[in-house]
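Enquirer: test case, fold it:
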Amino acid sequence: MSNSTDTRPERVSHAIARDVTLPGGAGTLALVTIDNGLDHTKPTTIGPLGIAELTATLTAVKARVAAGEIVAVAVTGKPYYLAAGADLTQIGTVPGREGALSLGRGGHQAYELLHTMGVPTFAFVNGVALGGGLELALNCDYRTVASDVRALALPETGLGLVPGWGGAYIVPRLIGVEKALDVILTRPAANKPFAAKEAAQLGLMDVVLDPSDFLEESIRWAARVVTGDVVVERRELDSPEVWDGVVAAARQRLDAVINRSRPAPYRALDLVAAARTATRTEAFEAEDEALADLIMSDEMRASVYAFGLVSGGKKPVGAPDRSLAQPVTRVGIVGAGLMAAQIAMLFAQRLGVPVVMRDLDQERVDKGLAAVRASVDRLTSTGRLSESAASRLLGSIHGTTDLAEFASCDLVIEAVTEILDLKKKVFAELETVIAPTAILATNTSALSVTAMAADLQHPERVVGLHFFNPVAAMPLVEVVQAERTSLEALATGFAVAAKLRKTAVLVADRPGFVVNRLLVLLLGVIVDAVEKGTPVEVADRALRPLGLPMPPFELFDLVGPAVGLHVLTSLREELGDRFPRSPGLEKLVADGTTVVLPAKAKGLPKPVDPAIQSVFTEASGTGLDEAGVLDSVLTALTVEVGHMLEEGVVATPQQIDLCMILGAGWGFHLGGLTPYLDRTGYSERVLGRRILPDGVANVPAV
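Expert: Numbers count the residues shown, from 1 in each chain. The predicted model follows:
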């Protein structure tokens, strides 16, 4: 069966060979360039036709090696790309398990030619190398990388797959099993690729070269390897005790974090576990079998859908014509708290414009500026920001107590406490000093933007820009259109989000918008179960089958129980008893009680503190088991999604999924929220219909 309705033909990446004379009379190198013939906006990906062409090209090169014409072989890519991995749209159309098996075998057959070429093989990694693209390099004997490359990764386990073209076998043997599991499991979960320098420090790359003359220098370095002037040392294989111990610890972490909610990380771990003793042939056959199983899984179908949403999110649904956007040359931030400081830093760094933070007294301003300096110091200490760039960044952020300093700002964002009357007062004061063309924005997480702007002379200039914490890391911005928001203000909001490298989703001015409305409901249902007699530890474990980034009480701790209670209360006032009241939570907030214990080890979730059970003194009934709590949560979410679509909070259910993936960490393996509700039967049971149109995600119900 087909896993996708995408029928776009494969964008074939060609494998073009040419001869290069190595310096110093070292002989002739065959340089194979992977190139789809398109510009840099169309990434090089590898599909079945591309693999077939690569196999044919490398087979012809190998014949020339056997004839003594070639002393070395290298692969490289078109500008900015080696290869951005397999073409997921093509993987999604594999008709059956045999086809999936052939896809894995085809990749191995092509890449194995590099390993068995009979002369040294090199990868000149000039740009993005993800998944099968990085595995192309790993199957070579040696690897150079340009210093400006920032996307080197094996992201497969985050997409419902495993590194299936040699990665699960080669990486642990190349850099050690512990580092390999970081590459294969940890980094994909965090969606955090390696930069060139990091990859070289790990041992994935052999040498980092300047991008200005990268190809020429790579050829010179390859010549020195061929002549023996450069010898690259390889580490010894980890001992059985180390290997097995690291794998066992990783399995415990997986059980604690994702609790077998998705198969791909476990299959990848099994492959790594076997890689110490397996032959290359045995390991590659095991990769083929794992890949074939996973390509046909619901997890993979959901991941393809989610990947398509995130990729397409750069072109926001419903955004006005960008020509309507106002230019932004100076930005004002009202408030100097933690969120305000993060927003100021983001705007200064990515827009490259002056930013002024204003608060009521100098002490608060100084704290905000200190928070900015601390963030800059962290970036410079880790090498992510140069000293000169840090100085420019700090110099562009200014603090003040003078409201008049907003007069020259094109965009002013309020980031003060979530109290409607306070925000209305802030906007009223701003309107007395800002220019007639300036745009006003609010970072509110749940309050009505329409109500905030109601008493202004020009309510049309107000737009919501809801950033998520931590601001630098979270990729989503909810752009809120109030009743009178102008197209110019809305277009400016989208333009700014794009320049900040955020994905913007247009949302209507309804309580909680998308992410907070659903997340706070989820947390409210969890706490309500405890109010009705469910032990807190049972409630905290109930969502483990979903594989969410953290358990509910840890999320409460991250958000802040007081903030969570405030939003829950405001949503209940606006939307009714679907958002339950929790006397126990109210008492926890009033007493300032911490709701979680420290994590037992780095990377593990923080468990709920069982002592807080005593706070829920009014608990009645026998409570629910874990399955019952999960059912309550999913039922409530299904009901709420139905209401949100009826209200027009977003244009399509796909926008809800995009928000939940990017703003709430809802996993690719689930495909967002709505395909999961369709697949598990909740949509039809609760709403009487599936949420997504037929064929959009093609995720069948069980």
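Enquirer: so the residue nearest to residue 409 when sequence neighbours are not counted is in which element?
Expert: Spatially, and ignoring its direct neighbours in sequence, residue 409 is nearest to residue 332 (3.9 Å; CB to CB, 6 or more residues apart in numbering). The way it works is simple: take the backbone N, C-alpha and C, and place the C-beta from them, glycine included. Per DSSP states H and E: residue 332 is located in strand 331-334.
Enquirer: residue 581 too?
Expert: Assessed by DSSP H and E, residue 581 sits outside every helix and strand.
Enquirer: how about it: what's its closest non-neighbour residue?
Expert: Using CB to CB, 6+ apart and skipping the chain neighbours, the partner closest in space to residue 581 is residue 572 (6.4 Å).
Enquirer: averaged pLDDT, the helix or strand containing that neighbour. What do you get?
Expert: Assigned by DSSP H and E, residue 572 belongs to helix 561-575. Mean per-residue pLDDT for helix 561-575: 92.
Enquirer: from here on, call the first residue 342.
Expert: With 342 as the first residue, the last one maps to helix 902-916.
Enquirer: got the buried residues for it?
Expert: 902, 904-913, 916 (16 or more other CB atoms under 10 Å).
Enquirer: quick one: list the elements packing against the lengthiest helix in the chain.
Expert: Counting by DSSP state H, the longest helix found in the chain is helix 967-988. On a contact count with 3 or more CB pairs under 8 Å, 6 or more residues apart in numbering; DSSP states H and E, helix 967-988 meets helix 856-872, helix 877-882, helix 994-1005, helix 1015-1020, helix 1023.
Enquirer: and residue 736, how many neighbours does it have?
Expert: When counting by other CB atoms under 10 Å, one arrives at 10 neighbours for residue 736.
Enquirer: how near is it to residue 843?
Expert: As for residue 736, its distance to residue 843 is 24 Å (criterion: CB to CB, to the nearest Å).
Enquirer: low-scoring pLDDT stretches of the stretch 842-991 of the chain, where are they?
Expert: Along the stretch 842-991 of the chain, segments meeting pLDDT under 70 span 958-962.
Enquirer: before we move on, what about the chain?
Expert: Applying pLDDT under 70 to the chain flags the ranges 342-349, 430, 433, 958-962, 1036-1043.
Enquirer: now do the same contact list for the spatially most central residue of it.
Expert: Computing the C-alpha centroid of the chain and ranking residues by CA atoms, centre = their mean puts residue 532 first, at 4.6 Å. For residue 532, the contact set (CB atoms under 8 Å, 6 or more residues apart in numbering) comprises 496, 499.
Enquirer: repeat for residue 716
Expert: Contacts of residue 716 (CB under 8 Å, 6+ apart): 682-683, 686, 813.
Enquirer: mind listing what's buried along the host helix or strand of it?
Expert: Using DSSP H and E, residue 716 falls within helix 703-722. For helix 703-722, the neighbour count (16+ other CB under 10 Å) marks 705-706, 709-710, 712-714, 716-717, 720-721 as buried.
Enquirer: need those in CSV with distance to residue 754, can you?
Expert: CSV is the format used below for the buried residues of helix 703-722 (distance: CB to CB, whole Å):
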residue, distance to residue 754
705, 17
706, 16
709, 14
710, 17
712, 16
713, 15
714, 20
716, 18
717, 20
720, 22
721, 26
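Enquirer: between the residues you listed, which is nearest residue 761?
Expert: residue 705 (21.1 Å; CB to CB).
Enquirer: the closest one reaches residue 675, doesn't it?
Expert: No: judged on CB atoms under 8 Å, residue 705 makes no contact with residue 675 at a distance of 11.6 Å.
Enquirer: ok, back up a step: how close does the residue nearest to residue 750 get to residue 715?
Expert: Relative to residue 715, and taking CB to CB, residue 673 is found at 22 Å.
Enquirer: can you pull out the helices in the stretch 392-541 of the chain?
Expert: 429-432, 438-456, 473-479, 508-516, 518-522, 528-531, 537-543 (DSSP state H, counting those that start in this stretch).
Enquirer: for residue 392, which of those helices is the nearest?
Expert: Using CB to CB, the nearest of the helices of the stretch 392-541 of the chain to residue 392 is helix 438-456, at 4.7 Å.
Enquirer: looking at the helices of the stretch 392-541 of the chain, which is closest to residue 691?
Expert: Comparing the helices of the stretch 392-541 of the chain by CB to CB, helix 528-531 comes nearest, at 20.6 Å.
Enquirer: can you pull the buried residues of the closest one?
Expert: Those would be 528-530, for helix 528-531 by 16+ other CB under 10 Å.
Enquirer: let me have the residues you listed in TSV, extended by distance to residue 415.
Expert: Formatted as TSV, the buried residues of helix 528-531 follow (distance: CB to CB, whole Å):
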residue	distance to residue 415
528	27
529	28
530	33
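Enquirer: closest to residue 599 among those residues?
Expert: residue 530 (8.4 Å).
Enquirer: ok, that closest one - contacts?
Expert: Contacts of residue 530 by CB under 8 Å, 6+ apart are 498-499, 598, 606.
Enquirer: which of those sits closest to residue 509?
Expert: Nearest to residue 509 out of those is residue 498 (CB to CB; 9.8 Å).
Enquirer: hang on, that closest one packs against residue 607?
Expert: No: at 9.2 Å, residue 498 and residue 607 do not qualify as touching, with contact defined as CB under 8 Å.
Enquirer: the two: which is more packed in?
Expert: More neighbours surround residue 498 than the other of residue 498 and residue 607, with 26 against 19 (other CB under 10 Å).
Enquirer: ok, and the closest non-adjacent residue to residue 869?
Expert: Computed as CB to CB, 6+ apart, the closest residue to residue 869 that is not its neighbour in sequence is residue 921, at 4.0 Å.
Enquirer: please name the residues that touch that neighbour.
Expert: 865-866, 868-869, 872, 913.
Enquirer: out of those residues, what pair is the most spread apart?
Expert: Pairwise distances across the contacts of residue 921 peak at 13.8 Å for 872 and 913 (criterion: CB to CB).
Enquirer: so which strand or helix has residue 846?
Expert: Take DSSP H and E as the rule and residue 846 turns out to sit in strand 844-849.
Enquirer: pull up the pairing partners for that strand, direction included.
Expert: The pairing partners recorded for strand 844-849 under DSSP bridges are strand 817-822 (parallel).
Enquirer: residues in contact with the strand it pairs with?
Expert: Under CB under 8 Å, 6+ apart, the answer for strand 817-822 is 657, 660, 783, 785, 790, 804-809, 831, 834-835, 838, 841, 843-850, 854-856, 999-1000, 1003-1004.
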